[in-house]
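Q: Sequence and computational prediction follow.
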Amino acid sequence: MIKIMFVCHGNICRSPMAEFVMRDMIEKDGLSSQITVASSATSREEIGNDIHHGTRKILEKHHIPFARRQAVQITRADYDSYDYIIAMDAWNARNLSRIIGEDTLHKVSLLMDFAGGGEVADPWYTGDFDVTYRDVSAGCLGLINHIKKTI
């Protein structure tokens, strides 16, 4: 089983959006028995909160199934447990190193590394969930295509 952890600052906008988009892609590709997905935060600010209403609306707009959930913070144990730790931006990748230590197993990457580079903008600040969805979708597609080459 391949395990993917998406990570953003609060685990209410970008990382859960990636989690649900990726789950939908995995389901449609018939890979649910081979790949599992979760998401978490680098901060503790939103722990226990459900996904942001903007994320909920954009997932509904694109007919992506989602469920109520609570934001959680990534732990060192998650690093040991997951095969891919996918950060939304460089700031969160740096914060990951404070939690997990050195990435000796080369599990950490940026989502947009799988879609030509760049970062996924935080819609908490930009207010543009459409742009974030576009980038998350492109990154998830690139990631799933990368993983398919390995299974």
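A: It's in.
Q: For stretch 127-144, which residues meet the burial criterion?
A: Residues of stretch 127-144 classed as buried under the neighbour-count rule (16 or more other CB atoms under 10 Å) are Phe129, Thr132, Tyr133, Asp135, Val136, Ser137, Ala138, Gly139, Cys140, Gly142, Leu143, Ile144. Yep, even glycine has a C-beta here, placed from its N, CA and C like the rest.
Q: what do you get for stretch 21-36?
A: For stretch 21-36, by 16+ other CB under 10 Å, it's Val21, Met22, Arg23, Asp24, Met25, Ile26, Leu31, Ile35, Thr36.
Q: how far is it from where the chain is centred?
A: In this view, stretch 21-36 has its centroid 14 Å away from the chain centroid, taken as CA atoms, centre = their mean, to the nearest Å.
Q: Now do the helices in the protein.
A: Remark: helices assigned in the chain by DSSP state H are 14-28, 53-61, 76-81, 90-100, 123-126, 129-148.
Q: Residues in contact with the fourth one: which ones?
A: Residues lying outside helix 90-100 but in contact with it, judged by CB atoms under 8 Å, 6 or more residues apart in numbering, are 7-9, 42-43, 73-76, 78-79, 85, 87, 103, 108, 110, 119.
Q: relative to helix 14-28, how tilted is that helix?
A: Inter-element angle recorded for helix 90-100 and helix 14-28: 90 degrees (by axes from the mean of the first three to the mean of the last three CA atoms, to 10 degrees).
Q: What about Asp83, how many residues nearby?
A: Using other CB atoms under 10 Å, Asp83 is surrounded by 15 other residues.
Q: ugh, wrong one, Asp113
A: 16.
Q: hang on, the earlier thing: which one, of the helices of the chain, ends up nearest to Arg69?
A: Closest to Arg69 of those is helix 14-28 (CB to CB; 6.6 Å).
Q: and that closest one, what does it pack onto?
A: strand 2-8, strand 35-41, helix 53-61, helix 129-148 (3 or more CB pairs under 8 Å, 6 or more residues apart in numbering; DSSP states H and E).
Q: As CSV, the ones you listed with distance to Arg14 and mean pLDDT would be great.
A: Putting the helices and strands packed on helix 14-28 into CSV (distance: least, CB to CB, whole Å; pLDDT from 0 to 100) gives the following:
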stretch, distance to Arg14, mean pLDDT
strand 2-8, 4, 98
strand 35-41, 9, 98
helix 53-61, 8, 98
helix 129-148, 6, 98
